[in-house]
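1. Attaching a predicted model along with its sequence, questions to come.
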Amino acid sequence: MSQTSDRQTEIAVEQAHVDVVYQRVDEMRGEARAMRVRGDELAHGARNEAIFEQAAMLFERDVMVRHATQILRSLDAEHEGLVFGRLDDTDGETMYVGRLGIRDVNFDNLVTDWRAPAAAAFYQATAEQPMNVVRRRVIRSTGQSVVDIDDDLLAPEKRPEDMAVVGEGALMASLTRARGDRMRDIVATIQREQDEAIRAPWKGVTEITGGPGTGKTAVALHRVAYLLYRDRRRMGGSGVLVIGPSPAFTSYISRVLPSMGEDTVELRSLGEVLDGAHAVGVDSAEVTRVKGSLRMRRVLKRALREDPPDVPAELRITFRGEVLKLDGRDLAKVRHAVHSMGRPPNQSRVDAAEALLEALWRKAESYGLGFDRKELVTELGERIEFHRFVVVFWPLMTEREALRLLADRDRLAHAAGRALNAHEVDLLVASWADPNAGPTVADIALLDELRGLLGPLPKRHRRRVQQQAAAEHQEWSESPRRGEHYDEYAHIVIDEAQDLSPMQWRMVGRRGKYASWTVVGDPLQSSWPDEGEATSARTAALGARTQRRQFQLRTNYRNSAEIFELAAQVVTDVAMPGQLPHAVRSTGVKPSVRVVAPAELAEQLLVATRQLLDEMDGTVGVITSSSRVGQARRILAAIDHERLHVVDGLEAKGLEYDAVVLVEPTELVTESTTGPRTLYVALTRATQRLTVLTSDPAWP
Ligand SMILES: Nc1ncnc2c1ncn2[C@@H]1O[C@H](COP(=O)(O)OP(=O)(O)OP(=O)(O)O)[C@@H](O)[C@H]1O
């Protein structure tokens with residue numbers, strides 16, 4: 001039989017099974033709906049029952065409704081390719097692998113969930129270690145129709161005579177497909193080294209490193225789906241948080257987990273980690289470096305000990321005809337004493353009031369006025385003017401109010417002491433000069449630090465503050481998603497971990513007090529210059545968790561070999577042995593490097609972009625330095641195509657496009673604090689085609 005007719009016959013075989021599965025899914029949907037209705041009836045009935053029975057019925061109702069809803073949610077998730085794999089073993093047994101586990105009415109397996117231990121062989125079997133698998137088949141579908149199949153013959157000597165083997169390899173087929181705006185899941189083609197990281201135990205810290213395009217992000221997300229499946233009670237209960245570098249990145253990865261039926265995971269960018277914040281603006285590399293440094297912790301701590309603005313120079317109050325007065329020095333002593341008690345300032349107003357009354361009593365005593373202490377403290381403590389003084393002497397503050405105070409140069413310089421030099425103080429003051437500008441991504445870690453240092457506001461103040469914040473800044477949402485339980489996640493995934501500043505490590509560390517971690521990154525793509533400081537902050541954030549495991553991914557699935565060869569050149573001087581991955585796919589098309597005169601750059605950018613949009617079906621990214629990205633956007637407004645994206649080198653982190661136009665690569669190096677690493681990121685975003693426009697004839 002020819003390959004084509006073999007293929008058609010085999011597709012028909014698989015279609016027959018897929019049809020049975022979808023029929024069963026329809027039945028299950030009906031059963032789940034009926035279960036929900038039955039649950040509601042129980043609740044109805046409960047109203048007429050005695051109290052004990054009522055409680056039992058309501059509990060049963062809750063369990064039923066929750067279970068039914070969970071089933072419906074999984075069944076209704078995007079199920080393109082619900083069944084995507086099949087294994088034929090040496091005993092002649094067949095197992096289908098899919099996004100969900102599905103059994104027929106007799107409880108026999110129709111499909112095994114890809115995360116179940118039984119499905120592990122689908123990913124782990126190789127020709128060297130076939131694990132009893134003779135043939136591994138990847139089934140590709142559109143909607144409910146099987147469109148193609150690809151086989152791997154793992155044990156040729158055990159192949160029965162009538163077993164057909166067709167296809168050229170599912171992985172290559174998947175890698176060459178055009179990319180869309182959102183990352184796709186890779187359940188059908190997870191590779192063995194990736195599978196090991198995905199199925200690693202949940203406890204402690206799992207570190208996944210690897211070069212660009214090695215599937216670190218994909219692996220981290222599939223690991224989340226796996227952990228939820230294996231331990232839904234723990235992971236689903238307290239929740240899983242995935243942190244990525246930017247909103248563009250979280251949007252890019254946002255479909256992966258829902259397409260696997262998991263829609264409870266929180267995805268947040270670094271500007272959104274603090275509840276309610278949506279910061280997107282970024283500071284210059286120089287300012288980011290100062291704001292991210294651990295020195296800022298000292299600065300913020302000291303800033304909170306400073307006098308608040310507009311604090312009265314003295315407290316004067318009359319008691320029984322005598323004027324009692326606390327001057328600036330007395331007040332400073334009181335402030336110092338209250339801070340020394342160690343309670344956070346927002347929880348110390350009562351302490352401050354008591355300390356002031358105590359100081360007033362001492363003053364009266366020093367005048368020899370012979371008042372009774374208890375009478376003085378009680379009477380003054382109830383006076384409205386005393387309360388008014390306490391409110392300005394010890395204002396309760398939100399983290400945003402506290403940070404805003406630091407836009408004052410003198411105040412910041414005083415708080416900084418020797419922690420920052422004069423230039424750094426100037427940089428910060430300039431970055432906070434516009435009171436209407438929202439916080440930047442780097443500010444969010446400072447705000448989170450301040451929130452910890454200030455302590456929670458008393459309850460009655462919180463609502464006012466939330467409303468005020470929402471009215472003032474669109475970057476803040478009125479309803480925090482997690483509220484007071486922000487530190488109780490069961491599992492935290494940090495993607496692009498090499499870029500977290502020490503202050504950001506502190507911020508994420510606060511959220512993972514009880515969590516296990518998956519930390520994903522590539523030191524060679526780092527945009528954070530001070531490795532030592534970041535490493536110690538990271539060690540502190542991950543705490544003393546003893547279970548640690550490391551996985552290194554070595555195959556670059558994204559870039560063509562031709563593109564990666566060029567990218568690798570820019571980091572050969574800084575790469576450690578073994579740090580560069582191996583690109584598996586060749587397109588035969590070398591990157592096009594065009595030297596253009598500065599005056600022709602705009603025209604050439606339009607030409608190159610149009611050309612790639614014409615030639616490619618998928619996305620086209622234009623990447624340039626942050627100082628040039630605005631200009632590039634203006635030029636490319638003439639094209640305005642939905643497949644076109646214009647980003648700077650930092651925004652490009654974690655993203656990928658079918659084709660990339662890289663504009664003035666040397667500028668990415670000069671504006672970065674980590675030399676060629678951001679350029680390396682930019683050069684490794686394209687799957688198929690890369691055009692570089694440079695005014696430097698010597699580049700690269
Ligand atoms: N086993 C696989 N099967 C199919 N596609 C894969 C596989 N592994 C990775 N890919 C694809 O390779 C591309 C790169 O993956 P991913 O973005 O996860 O890599 P990364 O290591 O996080 O990259 P970077 O560090 O450069 O951001 C994605 O399109 C992903 O879907």
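-> Noted; the coordinates are in hand.

2. my guess is residue 125 contacts residue 137, does it?
-> No: when contacts are counted by C-beta atoms under 8 Å, residue 125 is not listed as touching residue 137 (12.0 Å). In short, each C-beta sits where N, CA and C put it, glycine included.

3. out of the two, which sits in the more crowded spot?
-> Using other C-beta atoms under 10 Å as the criterion, residue 125 and residue 137 rank with residue 137 on top: 24 against 21.

4. What sits closest to the more buried one if chain neighbours are left out?
-> residue 86 (4.2 Å; C-beta to C-beta, 6 or more residues apart in numbering).

5. In terms of helix, strand or coil, where does the one you found fall?
-> Residue 86 carries the three-state label strand when classified by DSSP: H, G, I helix; E, B strand; the rest coil.

6. Could you report the neighbour count for it?
-> Neighbour number of residue 86 under other C-beta under 10 Å is 23.

7. For it, give me the pLDDT.
-> Residue 86 carries a pLDDT score of 96 in this model.

8. List the residues that contact it.
-> Taking C-beta atoms under 8 Å, 6 or more residues apart in numbering, we find residue 86 in contact with 14, 94-97, 136-137, 139.

9. related to what we said a few turns ago, shared neighbours of residue 125 and residue 137, anything?
-> residue 87.

10. and stretch 167-183, is it in reach of the ligand?
-> Yes: applying C-beta under 6 Å from any ligand atom, one finds stretch 167-183 touching the ligand at 171, 174-175, 183.

11. Tell me the secondary structure at the residue nearest the centre of the chain.
-> Centroid check for the chain by C-alpha atoms, centre = their mean gives residue 243 as the closest residue, at 1.6 Å. Classification of residue 243 using three-state DSSP returns strand.

12. Pretty sure residue 266 is one of the things it touches, is it not?
-> No: look at residue 243 against residue 266 with C-beta under 8 Å: they stay out of range, at 9.0 Å.

13. still on that earlier bit, among the contacts of residue 86, pick out the one closest to residue 520, please.
-> residue 97 (25.0 Å; C-beta to C-beta).

14. got a list of what the nearest residue to that closest one once chain neighbours are set aside touches?
-> Take residue 97 and drop its neighbours on the chain: the residue closest to it by C-beta to C-beta, 6+ apart is residue 85, 3.6 Å away. Applying C-beta under 8 Å, 6+ apart to residue 85 gives the contacts 96-98, 114, 119, 122, 136-139, 188.

15. Okay, residue 85 and the ligand: tell me how far apart.
-> 13 Å (C-beta to the nearest ligand atom, to the nearest Å).

16. which secondary structure elements does the top helix by length along the chain contact?
-> Longest helix in the chain, counting residues (DSSP state H): helix 3-46. Judged by 3 or more C-beta pairs under 8 Å, 6 or more residues apart in numbering; DSSP states H and E, the packing partners of helix 3-46 are helix 51-76, strand 83-89, strand 94-98, strand 102-103, strand 109-113, strand 133-142, strand 145-153.

17. Tell me what the nearest residue to residue 624 once chain neighbours are set aside is bridged to.
-> Nearest residue to residue 624 in three dimensions, chain neighbours excluded: residue 663, at 3.9 Å (C-beta to C-beta, 6+ apart). Bridge pairing for residue 663 (DSSP bridges) gives the partners residue 693.

18. show me the contacts for residue 663.
-> Contacts of residue 663 (C-beta under 8 Å, 6+ apart): 601, 605, 622-625, 628, 632, 693.

19. Spatially, which two of the residues you listed are the most separated?
-> Top of the distance list for those (C-beta to C-beta): 601 and 623, 14.4 Å.

20. thinking again about what came up before, can you tell me which of the contacts of residue 85 comes closest to the ligand?
-> Nearest to the ligand among those: residue 188, at 7.6 Å, using C-beta to the nearest ligand atom.

21. Let me know whether the closest one touches residue 170 as I believe.
-> Yes: using C-beta under 8 Å, residue 188 is in contact with residue 170, at 6.3 Å.

22. For the two, indicate the residue with more neighbours.
-> Per other C-beta under 10 Å, whichever of residue 188 and residue 170 has more neighbours is residue 188, with 25 against 22.

23. Quick check: phi and psi on the more buried one?
-> For residue 188, the backbone dihedrals (degrees, to the nearest 10) come out as phi -80, psi -20.

24. Nearest spatial neighbour of it, chain-adjacent residues omitted?
-> residue 84 (4.1 Å).

25. tally of neighbours for that neighbour?
-> Neighbours of residue 84 using other C-beta under 10 Å come to 24.

26. now it: how far from the ligand?
-> 12 Å.

27. Give me the neighbour count for residue 570.
-> 22.

28. Looks like it contacts residue 678 (just checking).
-> No: when contacts are counted by C-beta under 8 Å, residue 570 is not listed as touching residue 678 (10.2 Å).

29. Next up, the contacts around the residue nearest to the centre of the chain.
-> 268-270, 273, 492-495, 508.

30. go again using 6 Å as the cut-off
-> 268, 494 (C-beta atoms under 6 Å, 6 or more residues apart in numbering).

31. pLDDT wise, what is the closest residue to the ligand within the stretch 251-400 of the chain at?
-> Closest approach between the stretch 251-400 of the chain and the ligand, counting by C-beta to the nearest ligand atom: residue 253, at 8.3 Å. pLDDT for residue 253: 94.

32. I figured it hits residue 183, correct?
-> Yes: using C-beta atoms under 6 Å, residue 253 is in contact with residue 183, at 5.1 Å.

33. Three-state assignment for residue 590, please.
-> Residue 590 ends up coil, using three-state DSSP.
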